[in-house]
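Peer 1: Fold the following.
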Amino acid sequence: MPQAPLSGLTIPSFESERLRLRPFAEADFEGMARFFADPVSATYGGPCGRDEAWRKFAAYFGHWALRGYGPWALERKADGVFLGLSGLWFPEGWLEPEITWALLPEAQGQGYATEAARAALRAAYSDFGWRSAVSVIASGNQASVQVAERLGATLERSIPFRGGEGLVYRHLGPEALEASHPH
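Peer 2: Model (predicted):
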């Protein structure tokens, strides 16, 4: 018999125009396993098999338990379809708090990453007290660079990242974000 999740852990949900940012559910694993099996996941720690995908998937919930914030599952409001993830990320040893996103291949190219990351950034500032955030993007991941730039982030520096180069994009601060993209 499955055990209940950790008691007392509350993961808030947020909505944007087309998306629901919500806690992960076990049913979301199939989509994440497909994502991590696909070469598109190379910029996000993949590709990998189901066993490693499960560990990565479980880490999202663990991040919430340990840090009090983390990534959300992305669900299209119109039909409840799982699209990927976006949220707040700051694992041990990471350079600083990050806004992250990863979409299933079939969800890419439709503006969902920008919409989700903007909602996550707003939540970081308004609900979790962040004053600054970055996104680390693998060099060559032009789609994610475009997302960061659409959010108003600017390239700050490059760092070693997953055996290659990572581009550190600095997001607008809370006041600048609100001024540039009011609710």
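Peer 1: what's near enough to touch the residue positioned nearest the centre of the chain?
Peer 2: Centrality entry for the chain: nearest residue to the mean C-alpha point is Ser86, 2.5 Å, by Cα atoms, centre = their mean. Ser86 sits next to 21, 71-72, 74, 99-102, 113, 116-117, 119-120 when contact means Cβ atoms under 8 Å, 6 or more residues apart in numbering. Placement of C-beta: from N, CA and C, glycine included.
Peer 1: Quick check: Leu9 touching Ala65?
Peer 2: Yes: Leu9 is within contact range of Ala65, at 5.7 Å (criterion: Cβ atoms under 8 Å).
Peer 1: re the thing from before, tell me the one of the contacts of Ser86 nearest Phe82?
Peer 2: Leu74 (7.1 Å; Cβ to Cβ).
Peer 1: Give me the neighbour count for the closest one.
Peer 2: Around Leu74 there are 31 other residues, counting by other Cβ atoms under 10 Å.
Peer 1: and if you look at Gly68?
Peer 2: Neighbours of Gly68 under the rule other Cβ under 10 Å: 12.
Peer 1: Excluding chain neighbours, what is closest to it?
Peer 2: Of all residues not flanking Gly68 in the chain, Phe128 sits nearest, at 7.6 Å (Cβ to Cβ, 6 or more residues apart in numbering).
Peer 1: Likewise for Phe24?
Peer 2: Closest residue in space to Phe24, ignoring its immediate chain neighbours: Ala73 at 4.5 Å, by Cβ to Cβ, 6+ apart.
Peer 1: Strands of this structure, residue ranges please.
Peer 2: Per DSSP state E, the chain carries strands over the ranges 14-15, 19-22, 71-76, 82-89, 98-103, 134-138, 154-161, 164-170.
Peer 1: Columns distance to Val40 and mean pLDDT on top of those, output as CSV?
Peer 2: Shown next, in CSV, are the strands of the chain (distance: least, Cβ to Cβ, whole Å; pLDDT from 0 to 100):
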stretch, distance to Val40, mean pLDDT
strand 14-15, 25, 96
strand 19-22, 19, 98
strand 71-76, 15, 98
strand 82-89, 11, 98
strand 98-103, 9, 98
strand 134-138, 11, 97
strand 154-161, 17, 96
strand 164-170, 16, 96
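Peer 1: Kindly state which of those strands is positioned closest to Val147.
Peer 2: strand 98-103 (6.7 Å).
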